[in-house]
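**Q** what shape does this take:
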Amino acid sequence: MRELTGQRVAVGIMIALVLTSLFTYQETDNALQSIMIVLHYATQNSTYATLTLETASKFLLTSKTVRLCEYTIFDEDNTVEKDFCADSDWNMLRDFEKLIIEVCTSQGNNSIECGEVKTLGKFDTSGFVRGLAYINLLFTISVLFIWFFGVTAFAGPVMTLVVKPIERMINLLSMLMKDPLGYQSTKGYNAFVLEEDELTRNTKWTKEVLKGMETSFLMSTILRIGSLMKVGFGSAGVEIIRNNLEKVSKKDIAFKNLGGSSVSCIFLFCDIRQFTDATECLQEEIFVFTNNIAAVVHTNCNSYGGSANKNVGDAFLLSWLLDSSDEDVNQVTLIARQNQAEKALYSVIKISIKLHDDDIFLESISDTARERLKKKYSKREGPIVQMGFGLHAGRAVQGAIGSQRKIDATYVSESVELAEFLESATKKYGVNLLMSCRFYNLLPRNCQWKCRKIDQILFKNEEEDDNQFADITDTDEVEKLDLYTFDMHIDALYDSTKIQGIPDKSSTHSTDGLLEKGGFQAPYVPNNDGNSSAHVREMKKKTNECMLRRSNNVKLKGGRRRSVFLGGRNSMDSSQSSLKLNETSVSTTSQEKIDSSTRDVKSRLQLPYGPSRYNSSIWHADDIKKIRHRYTDGIFFSMFNNGLKAYFVGDWKSAAENFKFILERFEDGPSRYFLSTIEENNLIPPRNFTGYGSA
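**A** Numbering: from 1, shown residues only. Down below sits the predicted model:
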């Protein structure tokens, strides 16, 4: 485009020079000199002198541009002077309107001196000068028009291709300075993008030509630099970017004296399980593998308002900015005005679902490395990529750490360490997600009902021993933390039996989503008189009754139910004949469900692009119902809560019975952990047991 513009400028200048030469060209006018020569020789004969002068004067008058005012003949005898206009007229003329021509006869062939006879003519050229002035005026106007249209022709492209893009660059830099991370989601940036589309529509230049301009290259470079700053610094580096962009006069990066700022955030710390084994198998391809995982984690969190902050090999730190109330100096109240807590929890759920698609993480690595990795993880249940998540909310200081050679923007706080601790504790409890009570309290009530409390712990000093039941006499002086999890059975989304509607072991206990709000919540009965065993038997009886009710009710179209008697040969025969008659239609329907579910899985595994709109109705989506189906039968939550309460109060025998009942139905990490702890201590709590674990 630069060469094309230079060629156009050169051609324009050449055309302007040619037109200027054509318009300014003038031939030399020697008409008056010729007339004076003719008169000089004609007036030497006195007989024809007067007639000749009168004829010449009349001829000049007819031209209306020049007139003869005075003619004088000088000879050796006398001087003859003939006037054709008044002296006043001659005196009123300006100097450049007067023309005096003198003609004489030379004395010899090569002489330049005048002889004895010479003539002098005075001409009034005011008409000619006036006409010439009109011509010059028209010429000037013509030149102005030509330059006007020329400048206009050049000004349009200059404004479109140079001036406007430079102004847009300045506006973009202003948006970057104000909000380095979130400028793309502001109204100003949306107007900025729409302005670009409007400029493209209103100009004669095509998109290809505009994209080839150097200004477009600079604009895209600024956008890429902004994106790199956003990726490199993260949410904690906002002040670094803003301060250095505002101080344009300084060449060096200024951050030595830049202090941190206190913010309130939700912190998500997640870690890749058995990452060392993956590194041994993949070698140099471990970066491709890790970056694919990071893409899943970051895009899902970013789509729901989260910001990636730190990547530490196999671990990732993300944050959601919160509002806070500082009315109490000693205690800061965290406020989630924009559903940040629900978005953070839902992001973890979406990540967990996508982690089950092995193709996302394996398709980019070589076949040899892929086979090594699969062989390494062959004995482990679940998908190739498994992660643990810790969610905590609290205050932190964000700022820059490093030197002029390398800086990192990060969060420094006990809250970040707590999020990391929660992630590491997921291995202990056998769950994928742990949430602190501070994060749990930010959730709305309908989301809290879906969470399960799995333990309560106390934080002890580093000098104390590592026994999980260390003797802590005053529990009021140490920090207490309730731990929660969100139960997810992700395999239900990919299980073919679920797709076809065939119930599994856990689904037979369903009561149509009864107690999604935490189970039956039957009151705990202490084991003082043997009632706890009876309670467990009663819960088993309720489970069997629930199964019977589930089997004896067939849901019809329109939401109505019809009771079916199951105890007779005739009814059995009719049922079998009905099954035979509908065998073909059932198989066809099942195949359609499989195809439909396959499409749902593919759409489910697509990574989000850009922000996703949050709505509380997502908690009632089919995906959430499927992964929660195992836990919402009204039995699981009740049995676990009673077992946990019994564990806290020291009734470990009753707790063991409840946890065993759960494990007979399906594997549950917290139940397995507490049952193992109880059995290691022979169903008797330690002497120093206070109902709290320790960390």
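**Q** for Thr119, give me its contacts.
**A** Met36, Leu39, His40, Thr43, Tyr71, Thr72, Ile73, Phe74, Glu102, Val103, Cys104 (C-beta atoms under 8 Å, 6 or more residues apart in numbering). From N, CA and C alone the C-beta is placed, and that goes for glycine too.
**Q** go again with 7 Å.
**A** Met36, Leu39, His40, Thr43, Tyr71, Thr72, Ile73, Val103 (C-beta atoms under 7 Å, 6 or more residues apart in numbering).
**Q** can you turn the buried part of these into a ChimeraX selection?
**A** A single ChimeraX command selects the buried members of these (16 or more other C-beta atoms under 10 Å):
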select :36,39,40,43,71,73,103
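**Q** show me which positions of the helix or strand harbouring Ile170 end up buried.
**A** Assigned by DSSP states H and E, Ile170 falls within helix 164-178. With burial defined by 16+ other C-beta under 10 Å, the residues of helix 164-178 counted as buried are Lys164, Pro165, Arg168, Leu172, Met175, Leu176, Met177.
**Q** mind listing what the third one touches?
**A** When you say that, I think you mean Arg168. Here Arg168 is in contact with Met219 (C-beta under 7 Å, 6+ apart).
**Q** around Thr50, how many other residues sit close by?
**A** Neighbour count of Thr50, defined by other C-beta atoms under 10 Å: 12.
**Q** secondary structure element holding it?
**A** Here Thr50 is assigned to helix 46-63, by DSSP H and E.
**Q** elements contacting that helix?
**A** Judged by 3 or more C-beta pairs under 7 Å, 6 or more residues apart in numbering; DSSP states H and E, helix 46-63 is in contact with helix 31-42, strand 67-74.
**Q** can you pull up the bridge partners for Asp408?
**A** Ile401 (DSSP bridges).
**Q** closest one of the contacts of Thr119 to Phe421?
**A** Met36 (116.1 Å; C-beta to C-beta).
**Q** for that closest one, which residues are in contact?
**A** Contacts of Met36 by C-beta under 7 Å, 6+ apart are Ile101, Val103, Thr119, Gly121.
**Q** next one: Thr200
**A** For Thr200, counting by C-beta under 7 Å, 6+ apart, the contacting residues are Lys207, Leu210.
**Q** what ranges of the stretch 1-150 of the chain fall below the confidence cut-off?
**A** Scanning the stretch 1-150 of the chain for pLDDT under 70 picks out the ranges 1-5, 23, 61, 76-77, 107-117.
**Q** okay, strands next: where are they in it?
**A** 67-74, 79-83, 98-106, 114-124 (DSSP state E, counting those that start in this stretch).
**Q** pick the most deeply packed of those.
**A** strand 67-74 (a mean of 20; mean count of other C-beta atoms under 10 Å).
**Q** grab the nearest non-local neighbour of Thr119.
**A** For Thr119, ignoring the flanking residues on the chain, the nearest one in space by C-beta to C-beta, 6 or more residues apart in numbering is His40 at 4.6 Å.
**Q** ok, the one you found to Thr105 distance?
**A** 8 Å (C-beta to C-beta, to the nearest Å).
**Q** nearest to His298, of the contacts of Met36?
**A** So of the contacts of Met36, ranked by how close each gets to His298 (C-beta to C-beta), first place is Ile101, at 94.9 Å.
**Q** report the contact partners of the closest one.
**A** Counted by C-beta under 7 Å, 6+ apart, Ile101 has contacts Leu32, Gln33, Met36, Gly121.
**Q** need those residues in CSV with distance to Lys428, can you?
**A** Below are those laid out as CSV (distance: C-beta to C-beta, whole Å):
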residue, distance to Lys428
Leu32, 118
Gln33, 119
Met36, 124
Gly121, 124
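**Q** farthest pair within those?
**A** Farthest pair in those, by C-beta to C-beta: Gln33 and Gly121, 9.8 Å.
**Q** lowest average confidence, helix or strand, in this protein?
**A** strand 561-563 (a mean of 31; mean pLDDT, DSSP states H and E).
**Q** ok, Ile384 - contacts?
**A** Contacts of Ile384 (C-beta under 7 Å, 6+ apart): Asp358, Phe361, Leu362, Leu373, Tyr377.
**Q** mind listing which of these are in helices?
**A** Asp358, Phe361, Leu362, Leu373 (DSSP state H).
**Q** neighbouring strands for the helix or strand Leu434 falls within, and are they parallel or not?
**A** Element membership of Leu434 [criterion: DSSP H and E] is strand 433-436. Using DSSP bridges, the strands paired with strand 433-436 in its sheet are strand 387-402 (parallel), strand 479-486 (antiparallel).
**Q** tell me the buried residues in the shortest one?
**A** Counting neighbours by 16+ other C-beta under 10 Å, one finds that the buried residues in strand 479-486 are Leu481, Asp482, Leu483, Tyr484, Thr485, Phe486.
**Q** contacts for it, please.
**A** Residues from elsewhere that reach strand 479-486 (C-beta under 7 Å, 6+ apart): 345, 431, 433-437, 440, 450-459, 692.
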